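**Student:** Sequence below, structure please.
(2 chains)
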Amino acid sequence: MKNIVIGQYIPGKGLFYRMDPRTKIISVITLMIAIFLLGSIPQLLVAFSVCAVMMWVGNIPVKRVIRGMKPLIILLLFTFFFQIFFNKEGKLLLDEVMHVTVVSVLGIVLWTILWRLLARIGKFKTVLLLAYIMGIFVLFRFLPFGYSFTTFRFAIYEKGIEMSIFVIIRLVIIISLSTVLTLTTKPTDLTQGLESLMRPLKIIGIRSEDFALIISISLRYIPTILDEAFKIMAAQASRGADFAEGKLKDKVKQVISLLVPMFIIAFKRSEDLADAIESRNFVPGKPRTRIHELRFGWTDIGVGIFTLAALALTIVLKVIG
Amino acid sequence: MAIHFQHVSYQYPSGSYQFYQAINDISLSIPSQGEMIAIVGQTGSGKSTLAQHMNALLFPSSGCVDIFGSTIRQKRDKKISYNHLRKHVGLVFQFPEYQLFEETVQKDIMFGPMNFKISAADAAVLAQKAIVQVGLDETYLKRNPFNLSGGEKKRVSIAGILALDPDILVLDEPTSGLDPKGKSQMMELFTAIQKQTDKTIIIITHDMDLVYRYMDRVIVMHEGRLIRDESPDRLFHRKNLAELHLDYPETISVLAAIKAQFSLDIDIYQKDMDAALVELRRAVGK
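**Tutor:** So this is what the prediction gives:
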């Protein structure tokens, strides 16, 4: 457990790796604003293709970007269905009467059990979830048998479809932009960039160096603490408290037997670390030099110009559209 | 044989693509009675990984381990409980900080037995027995384990495993961090336990003096492989132990130096300083 990867950073070479983290952070934020200014599906599709070209130029592994979206699939689905159900503008496309009856409810219960069983296998989870949702509609629509509790109308409007596609594309672009940032920037560079960008906040009394130090120390210690947690779990398991076994009642005691040593070790470690950095003459807030200075290069200028141009273009489109 | 390793290898997952081979093709048999076994080898040679296979804390990447009739293979079988094996093979980790968590020493020692469904009253008796066994007195039972010294913590953590009354006792560097007197006390304790109960005791250590003096069998690990499994006598009769990052015991190196310096006719293979003195006196004719 020595080399746990924190965040999504993957080492590599390419346009985005050469850039200064500050440029990357600002560009991503600016481009996100630009995306939100766009108002129609064709415009978003253009933005999407620009995004794709950008990833191709920067040699970004598309697979990793798609994998980065996986945790957000629920959010995407939710927005998609939300738009379809509740947007009632434009032309009526579909209008069906749905029946909540004994048979259809029973069917849904069976369908849910089947879905959970299939999900156990562990593959195609997203496809299964989609199939499950579709299945519910089919069951409500085509099983009007038995005692009917109630009925409801299910209507899809043109604007609903349009908006749901619009929102999905916008979300996908935004997620891929931020994934490009996290894929190509080390967490430490990211914090250093943020520290540098937040430095003007000193005027209102916020010291960005402190935050940067806190973030980088926590990132640094996640693998260490995790490693320690595994050791404690092994030590307690050899006293008969195996975390993979045991009933719920035993679990409570097991968790305590893990947490108490963890806290004690973490506090001990932080005291030691404080002593170690102080004995190397670190004083919080005092200016210090760095091994890696952030420096803007030609790529930064190029990307900066591109970003500004994109923002300007979207503003123009917004004003005339 | 109580524990039987058959071509066991283990790889630690590390990073996304590479694996770190901790132990490689280990075959080994350990009886449940009557042996004092030392596992030695340089840091990172796979000693602790080997020890954690002995009570099913780690599952081999290939090969299999037989522990008291249960066969441990690559994957953890969720239907099988491995917990009971920990009662047969007690493993004490190097750092007591990883296991002490209760408010009193007594409760902490009782934690192990009570996990194996032993009643609180019986567990308290076991705790009392165990604390005396490790050379602390009963007043320690009421103390807070976090206010003890390093050596005392170590003893309490060993007592926590001894209270389980395991058939085989495995100790990962039990003497590290102890002063010289504490070291020999601890080793006397293990030999006493071994004599009384005839349990097999396995000790991971870097201390060759202890190995030579107390152990019957020594297992040498080098870069994940088991390269020697023999008596300490045979091991220390070998030349070039330094290639394996091992030392000779003090007695042997001191006597060898004296022998070379004064060209005396002495048997340099003496297990402790008293025996070495006797041999020296004999050689100089006093």
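
**Student:** who are the neighbours in contact with the closest residue to chain A within the stretch 1-150 of chain B?
**Tutor:** The minimum distance from the stretch 1-150 of chain B to chain A, using CB to the nearest CB, falls at residue B:115 (3.2 Å). No exception for glycine: its C-beta is placed from N, CA and C like everyone else's. Applying CB atoms under 8 Å, 6 or more residues apart in numbering or on different chains, we find residue B:115 in contact with A:239, A:240, A:241, A:250, B:83.

**Student:** could you pull out the strands for the chain?
**Tutor:** In the absence of a named chain, chain A is used. All strands of chain A, identified by DSSP state E, fall at A:92-101, A:148-157.

**Student:** Sorry, I should have been clearer: chain B.
**Tutor:** Using DSSP E, strands in chain B cover B:3-13, B:19-30, B:36-40, B:62-67, B:70-72, B:89-92, B:168-172, B:200-204, B:217-222, B:225-230.

**Student:** so what's the closest residue to chain A within the stretch 151-286 of chain B up against?
**Tutor:** Among the residues of the stretch 151-286 of chain B, residue B:160 lies closest to chain A, at 6.1 Å counting by CB to the nearest CB. Neighbour list for residue B:160: A:239, B:92, B:99, B:100, B:108, B:109, B:111, B:112, B:130 [criterion: CB under 8 Å, 6+ apart].

**Student:** how far away is the nearest residue to residue A:92 once chain neighbours are set aside from residue A:82?
**Tutor:** Using CB to CB, 6 or more residues apart in numbering or on different chains and skipping the chain neighbours, the partner closest in space to residue A:92 is residue A:157 (5.8 Å). From residue A:157 across to residue A:82, the span is 13 Å (CB to CB, to the nearest Å).

**Student:** So which bits of the stretch 51-200 of chain B are right by chain A?
**Tutor:** B:52, B:55, B:57, B:76, B:78, B:81-83, B:86-87, B:90-93, B:95, B:97-102, B:111-112, B:115-116, B:146, B:160-161, B:164 (CB under 8 Å from any CB of the partner chain).

**Student:** Which among those count as buried?
**Tutor:** Using 16 or more other CB atoms under 10 Å in any protein chain shown as the burial test, those include B:52, B:55, B:57, B:82-83, B:86-87, B:90-93, B:95, B:97-102, B:111-112, B:115, B:160-161, B:164 as buried.

**Student:** which ones among those residues are found in helices?
**Tutor:** Counting by DSSP state H, the part of those found in helices is B:52, B:86, B:87, B:111, B:112, B:115, B:160, B:161.

**Student:** Looks like the fourth one contacts residue B:103 (just checking).
**Tutor:** No: under the criterion of CB atoms under 8 Å, residue B:111 lies out of contact with residue B:103, with a separation of 11.6 Å.

**Student:** of residue A:157 and residue A:82, who's got more company?
**Tutor:** residue A:157 (19 against 14; other CB atoms under 10 Å in any protein chain shown).

**Student:** what sits against the closest residue in space to residue B:194 that isn't next to it in sequence?
**Tutor:** Spatial nearest neighbour of residue B:194, excluding adjacent residues (CB to CB, 6+ apart): residue B:201 at 5.2 Å. Contacts for residue B:201 (CB under 8 Å, 6+ apart) come out as B:35, B:36, B:37, B:168, B:169, B:171, B:190, B:193, B:194.

**Student:** before we move on, the earlier item: quick check: the two most widely separated of the ones in helices among the buried ones among the residues of the stretch 51-200 of chain B next to chain A?
**Tutor:** Among those, the pair separated by the greatest distance (CB to CB) is B:52 and B:111, at 19.6 Å.

**Student:** Look at residue B:206 and report its pLDDT.
**Tutor:** Listed pLDDT for residue B:206 reads 90.

**Student:** Quick check: phi and psi at it.
**Tutor:** Torsion angles at residue B:206 (phi, psi; degrees, to the nearest 10) stand at phi -110, psi 0.

**Student:** Is it in contact with residue B:174, as I believe?
**Tutor:** No: using CB under 8 Å, residue B:206 is not in contact with residue B:174; the gap is 11.6 Å.

**Student:** These two: which is more packed in?
**Tutor:** Comparing residue B:206 with residue B:174 by neighbour count (other CB under 10 Å), the higher total belongs to residue B:174, at 26 against 17.
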